[in-house]
Structure formats: C-alpha cells, structure tokens
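Asker: Task: produce atomic coordinates for the following.
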Amino acid sequence: MLNNLLIIDATPKKDGIAYSFVQIAKETADSLGLDAKVVKLKEVGLRKCDMCGDGWGICFYEHRCVFGDKDGFDDLQKLVAEADAYVYVTPVYWSEISEELQLFWDKLRRCETSKLWNGKDDVNSSHKNKPSILVASAGGGGRGISSTFVNMERAVDQLGERSDFKDGTAGIFDYIAVNRWNQTYKRDTLKAAIVEMTAINRDGKPVAPMNHSIEPNG
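Answerer: Got it, this is the predicted structure:
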C-alpha cells in the first residue's frame, strides 16, 4: 500500500472550490490512516528559475537548485522524494495551471528529470514509479480545463519518464475536472480515487481490496 501522500495545494486561496479539494484530499488520507502532508505553494515563497549559466546550473549535475536552501525548495524537494504518491490541486487561470505550480514544476523538472539522463540505475527522478491524481478547478462552466490537463500531464510524464507502472498508467492515476456545477460529486470522485490509488503497489497492482465504500458528501 502507498502510505505517504503529498498533496500539492497550488491555489493562493484558503477558501473556494479548489481549496475545498485540498481539504477533501487531506481528510480522506487521514481517514485511511495515511501519512499525508499538504504543501501550500503560495506560502513556500519559491524563487523563479534563473536558468543559471548557459541555461543549466547545478540542477543538471547535482540535481538541486542553487537557491534551494534559501527559498524552501530543498525542503520541498525532500518531501517530494519521500512521498509514495501525489495529489495536485490547481485552479485554472488563463486555461493554464496556477503560476505557483508552474514555478514549482519549472524547478523540480530541472532537478529531478535530469537524473533520468545520467544512465545510472541507482539515480532516478523522485516521481518514477509513483502515481499522481491531477485536479483542475475552473470557474464558470469549466473552460480551460482540457488545456490545463495537457500542461499537468506533460510535467508528470517528464518527471516520471512515462514508464511508472507495468500496467501502463504512466504515473497519472486520474484526472478530476471540477467546475461550480459538478463540485459536489467530484469531491466523492476524489475520495474514491485516493482510496484506489493508495491501495496499489509499485507495480501498479492492488495489494488491498479495491472499490472500498466511502462516505459520500451528501
């Protein structure tokens, strides 16, 4: 069973639809007895990637950010490495992920994906062999979610090298598209997705009975 769940909160708000999905993820993980941590990116204060040197700095060779000990990225990168699975929750702005999530992934991809290029079997990206649930919440009727998922899928695929599970899930366990009209039943969908995702092992096979009953939101 995947026990350590990292929930990435990419909304700047502490209320609203997107944030409610962060809360649902944490509550569900707690009810399952998982070790779940929430990181609110807005509060970390990450510095933007400076494209050090000629475009690559120590991120390429040492797989860390030169500013990581100053802006909190070192601690965040450690949490990412320790996690067994991820839930990413972002609002949709301009048909894209939030600026905070983009900033985080810009830095993480440079430090982690570069590990996949060194040809060493004992050095791998923190996302390799790990699943993610992607949640995108758009205002209005939900326009822009599809292009947001393209962005999210690309980042997770690059971090995991599209070879995470033998059953072909490629690191993305589920996509949950949220708008103001479907938010109630999509909360139940997120609950079920977390239950199912954490009941698998690193080979993508269930190690606990699937389709557990969950308490609906009502």
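
Asker: Contacts for the lowest-mean-pLDDT helix or strand in the chain, please.
Answerer: Evaluated with mean pLDDT, DSSP states H and E, the helix-and-strand set of the chain has its lowest mean pLDDT in helix 58-61, which scores a mean of 87. Among residues not part of helix 58-61, those counted as contacts by Cβ atoms under 8 Å, 6 or more residues apart in numbering are 52, 64, 65, 66, 107, 110, 111, 114. Yep, even glycine has a C-beta here, placed from its N, CA and C like the rest.

Asker: Please repeat the previous calculation with a cut-off of 7 Å.
Answerer: 64, 65, 66, 110, 111, 114 (Cβ atoms under 7 Å, 6 or more residues apart in numbering).

Asker: Buried residues in that helix, which are they?
Answerer: For helix 58-61, the buried set under the neighbour-count rule, 16 or more other Cβ atoms under 10 Å, comprises 59, 60.

Asker: Grab the CA positions of that helix and hand them over as PDB.
Answerer: Taking C-alpha atoms only, helix 58-61 is exported to PDB below (Å, rounded to 0.1, in the frame of the first residue of the first chain):
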ATOM      1  CA  ILE A  58      24.000  22.600 -10.700                       C
ATOM      2  CA  CYS A  59      20.400  21.400 -11.200                       C
ATOM      3  CA  PHE A  60      21.700  19.300 -14.100                       C
ATOM      4  CA  TYR A  61      24.800  17.800 -12.500                       C
END
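
Asker: ok, the most centrally placed residue in the chain - contacts?
Answerer: By Cα atoms, centre = their mean, the chain has its centre lying nearest to residue 88, at 3.6 Å. Residues counted as contacts of residue 88 (Cβ under 7 Å, 6+ apart) are 8, 10, 132, 134, 135, 152.

Asker: again, but for residue 144
Answerer: When contacts are counted by Cβ under 7 Å, 6+ apart, residue 144 is found next to 92, 95, 138.

Asker: Those residues in strands, which ones?
Answerer: The members of the contacts of residue 144 all map outside strands under DSSP state E.

Asker: For those, give me a markdown table that also has neighbour count, distance to residue 125 and pLDDT.
Answerer: Shown next, in a markdown table, are these (neighbours: other Cβ atoms under 10 Å; distance: Cβ to Cβ, whole Å; pLDDT from 0 to 100):
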| residue | neighbour count | distance to residue 125 | pLDDT |
| --- | --- | --- | --- |
| 92 | 25 | 26 | 96 |
| 95 | 14 | 27 | 93 |
| 138 | 22 | 29 | 95 |
